[in-house]
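Chemist: Need coordinates for the below:
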Amino acid sequence: MSASCMAIAFAAQFGAVTSAYANDKLIELSKSDENYVMPGKDYTGDNYSKMDQINADNVKNLKVAWSFSTGLLNGHEGTPLVVNGKMFINSPFPNNVYALDLNNPGKILWQYKPKQDPAARSVACCDLVNRGVAYWPGDDKTPPLILSNQLDGNVVALNAETGEMRWKVENSDIKVGSTLTVAPYVVKDLVIVGSSGAELGVRGYTTAYDVHDGAMKWRKYATGPDDEIGIGDDFNKANPQYGQKGLGLATWEGDAWKIGGGTNWGWYAYDPGTNLIYYGSGNPSPWNSTMRPGDNKWTMTIMGRDIDTGMLKFGYQKTPHDEWDYAGVNVMMLSDQKDSTGKMRKLLTHPDRNGFIYTLDRTNGDLISAGKIDDTVNEFTHVDLKTGIPVRNPEYGTHMDHKATDVCPSAMGYHDQAHDSYDPNKQLFFIAANHICMDWEPFMLPYRAGQFFVGATLSMYPGPKGDRQNYLGLGQVKAYNAITTKFKWQVMERFAAWGGTLATAGNVMFYGTLDGYIKARNSDTGELLWKFKMPSGAIGYPMTYMHNGTQYIGIYYGVGGWPGVGLVFDLQDPTAGLGAVGAFKNLQHWTQQGGGLLVFSLNGKGPYDDVNLDEYSTKVERSE
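Modeler: Numbers count the residues shown, from 1 in each chain. Below you'll find the model as predicted:
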């Protein structure tokens, strides 16, 4: 067989058709320490850096190298991208995008400031956040692009060199409460875009657009008929016990699936070998589960979709008939590890709102492990690994004419949107967890398009290991082994580490906290090695890149998001903000609003070591 035939056979074997080669540029860029080209750094979503210039021995010498202010006060989630010496920064509403030259980051190369319908702000669930932009490396037809999702439901493609808009398409209709907060995700010549708005009865969907012109290639839903979900004859073939055909209708009463939620506003991962994109669908709508009897498939589901067609290979529903708003959109991290029998497996690990960390075989959906994020999880006793079904503790169920108390975790989950990380050498996942419980009282309400469709009153407070009297101890950071389901170390935090973590080969991991610190801990022991007090709390996660031989750590600051809604909107009712205001009522004593980016390096080394860089004039006139 010729070399070319062998290459074609190899590509076919791993699902890589001709168009897959469009991935090659992005994959090669992601391998470079100089770049950070997508959320989670590369397609594995593990947010791990092989760099060790900054390490456990010298991290105490980190200092600010430079900074950038977005001028906005709402929460800053996600992280910037770095491509070929340029940094691309995004903001919350109105979703401004900035390009900086890393040789002189004090000067803005270009900026895109969209004019959006202000009505989008009134239907956004939990602050006006945005989780980042995407980069597409270009081809002979189209230049490199920056893709940005806007709160008003539009997706825009910008020329990465100039900021000029190439195309714009409406993905979501704010009139029915459908907004966009998810970071777009580029695979091949497609940009994948999710949806938000389950709290307003939006039926969730995921869409693939042609990156060249914005033409829709496919759209698949979380609920409804099989063809609209993307379910074919081979769906869940390896695990029929998860459910197969017809359940997107049969597990709903009447037409409730049409306003059934299942939106996707979290994180993606992609495996070129399986040609599958992985993500989670969110909570069913409304929160009041009495109003929607049944398992409500396929909300709360880990999905493995063929990137070319959108068809589902597998779907594993973690929380059938969700009673607690455990939206299942959290980070997906890919790894190759031996399972408990010693068999090498291609794995997907997902820390879920419901209090469990799930690890699946990403080729077929086999459930490998389901360990508790914390031993205080009480609404489920465990997950049956054969059926995949969590075993309920009826004491903590929710239903009409009943107030459920001390449910752990709360609707915020023991994990929410935090983008975690994985160290493949240590085989440890670094989990940024919440430690929050709740009381839950449902009520009936009608559906009205474009209005909140929740049906529950929540009170939240610290979990059993926190200080409930003073509303402190609302977060944890942990090092987790997905095979043994054991924690190597864990530590409590005053508030949640809402944004997520960064793992590095320097035996140090980083994360930000809501009370305004970026921290570095020893990856092996959890020992606190360094911290810096930022101007505002962090709900974004750290990233790292190399530039001109210097390793930098970058992180957005800007408190907000769901835990910060009380502070952001000056709310006092403890049940407001879907229960967040009460839980985080003391946050105001540690931080205030203000958004931007901080970039650190050893001893603050950076472009402005040259004091004359970017000076308007270096000539000083002196008079006697």
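Chemist: make it CA atoms for all contacts and neighbour counts henceforth
Modeler: Fine.
Chemist: List the residue ranges of this protein that fall below the pLDDT cut-off.
Modeler: Filtered on pLDDT under 70, the chain yields the residue ranges 1-22.
Chemist: rerun that using 90 as the cut-off
Modeler: 1-24, 125, 618, 623-624 (pLDDT under 90).
Chemist: Dump stretch 122-129 to CSV, keeping only the CA atoms.
Modeler: Output of stretch 122-129 as CSV, limited to C-alpha atoms (Å, rounded to 0.1, in the frame of the first residue of the first chain):
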residue,chain,number,x,y,z
SER,A,122,-33.7,41.9,31.1
VAL,A,123,-34.0,38.2,30.0
ALA,A,124,-30.4,37.1,31.0
CYS,A,125,-30.7,34.7,33.9
CYS,A,126,-27.7,35.3,36.1
ASP,A,127,-25.8,38.5,35.3
LEU,A,128,-24.7,39.6,31.8
VAL,A,129,-21.7,37.3,31.4
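Chemist: Tell me where the stretch 301-450 of the chain has strands.
Modeler: In the stretch 301-450 of the chain, the strands defined using DSSP state E, counting those that start in this stretch lie at 301-306, 312-317, 333-338, 344-351, 356-361, 367-372, 380-383, 390-392, 404-407, 421-423, 428-434, 436-442.
Chemist: Now for the closest residue to L528 other than its chain neighbours: which residues touch it?
Modeler: Leaving out its chain neighbours, the residue that sits closest to L528 by CA to CA, 6 or more residues apart in numbering is R521, at 4.5 Å. For R521, the contact set (CA atoms under 8 Å, 6 or more residues apart in numbering) comprises 56, 508-510, 527-530.
Chemist: Name the member of those residues that has the highest neighbour count.
Modeler: Of all those, M509 has the most neighbours under the rule other CA atoms under 10 Å, reaching 29 neighbours.
Chemist: And that residue, how close does it get to F235?
Modeler: Applying CA to CA, to the nearest Å, the value for M509 to F235 is 38 Å.
Chemist: cool, D336 as well?
Modeler: Taking CA to CA, one finds D336 at 23 Å from F235.
Chemist: Settle it for me: which of the two has more neighbours?
Modeler: F235 (21 against 14).
Chemist: hang on, isn't that one packed against G246?
Modeler: No - contact criterion CA atoms under 8 Å: F235 and G246 do not qualify, at 11.2 Å.
Chemist: what residues are shared contacts of these two?
Modeler: Joint contacts of F235 and G246 (CA under 8 Å, 6+ apart) do not exist.
Chemist: which residues does G304 bridge with?
Modeler: Y278, F314 (DSSP bridges).
Chemist: what's the burial count for it?
Modeler: 28.
Chemist: Next, the contact list for N61, please.
Modeler: By CA under 8 Å, 6+ apart, N61 lies in contact with 602-603.
Chemist: Show the contacting residues for G582.
Modeler: By CA under 8 Å, 6+ apart, the contact list for G582 reads 459-461, 572-576.
Chemist: Then it would be within a helix, right?
Modeler: Yes - secondary structure of G582 (DSSP: H, G, I helix; E, B strand; the rest coil): part of a helix.
Chemist: now it: how far from N74?
Modeler: From G582 to N74 the distance is 19 Å (CA to CA).
Chemist: got it, and N149?
Modeler: Distance, N149 to N74, by CA to CA: 16 Å.
Chemist: if you count what's nearby, which of those two comes out ahead?
Modeler: N149 (29 against 25).
Chemist: Just to check, that one is in contact with Y185?
Modeler: No - using CA under 8 Å, N149 is not in contact with Y185; the gap is 10.3 Å.
Chemist: Count the residues that sit near G254.
Modeler: Neighbours of G254 (other CA under 10 Å): 10.
Chemist: what helix or strand is it on?
Modeler: Using DSSP states H and E, G254 falls within no helix or strand.
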